[in-house]
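> I would like the atomic coordinates for the input below:
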Amino acid sequence: MGSQDIIHDCSADAITRDIEVVTLKLVTFVDNINKDILDTRYLKNKSVSCSSAQLKHDLADKNKNFSSALHIQLNDKLSANTKFNLVINNYCTSEH
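Here you go, the predicted model:
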């Protein structure tokens with residue numbers, strides 16, 4: 001279970017490379033969601049949190065044909081139709 005089971009609603013200024021905080025407003029589609037996977041490109045970040053609790057996360061190496069997957073482990077399993085916010089601190093994209 002991952003991103004296909006969650007609605008992502010976010011926006012950021014594509015021109016700005018350094019953004020202090022990005023908040024993703026999310027809602028689950030199905031029960032027992034305990035992680036989210038975001039498609040990223042040249043992302044560098046310091047931390048990810050939900051409800052002020054720090055979350056374990058891992059940025060995979062860039063795939064030859066795709067971007068890098070940001071794997072985020074949620075602290076609890078969420079049921080369907082749960083609304084929650086993911087906060088990515090010190091969001092920064094790098095040069096190619």
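> Secondary structure element holding the most far-flung residue of the chain relative to its centre?
Computed with Cα atoms, centre = their mean, the maximum C-alpha offset from the centroid of the chain is found at residue 64, amounting to 20.9 Å. Taking DSSP states H and E as the definition, residue 64 sits outside all helices and strands.
> can you check the one 5 residues further on too?
Residue 69 is part of strand 68-78 when elements are defined by DSSP H and E.
> other SSEs contacting that strand?
Contacts defined by 3 or more Cβ pairs under 8 Å, 6 or more residues apart in numbering; DSSP states H and E place strand 68-78 against strand 33-40, strand 47-50, strand 56-59. Glycine gets a C-beta too; all of them are placed from N, C-alpha and C.
> Pull the distance from that strand to the chain's centre.
Offset of strand 68-78 from its chain centre (Cα atoms, centre = their mean, to the nearest Å): 8 Å.
> Then stretch 32-46?
Stretch 32-46 sits 4 Å away from the centroid of its parent chain (Cα atoms, centre = their mean).
> Who does the most centrally placed residue in the chain form a beta bridge with?
The residue at the geometric middle of the chain, judged as the C-alpha nearest the mean C-alpha position with Cα atoms, centre = their mean, is residue 38 (5.0 Å). The bridge-partner assignment for residue 38, based on DSSP bridges, gives residue 70.
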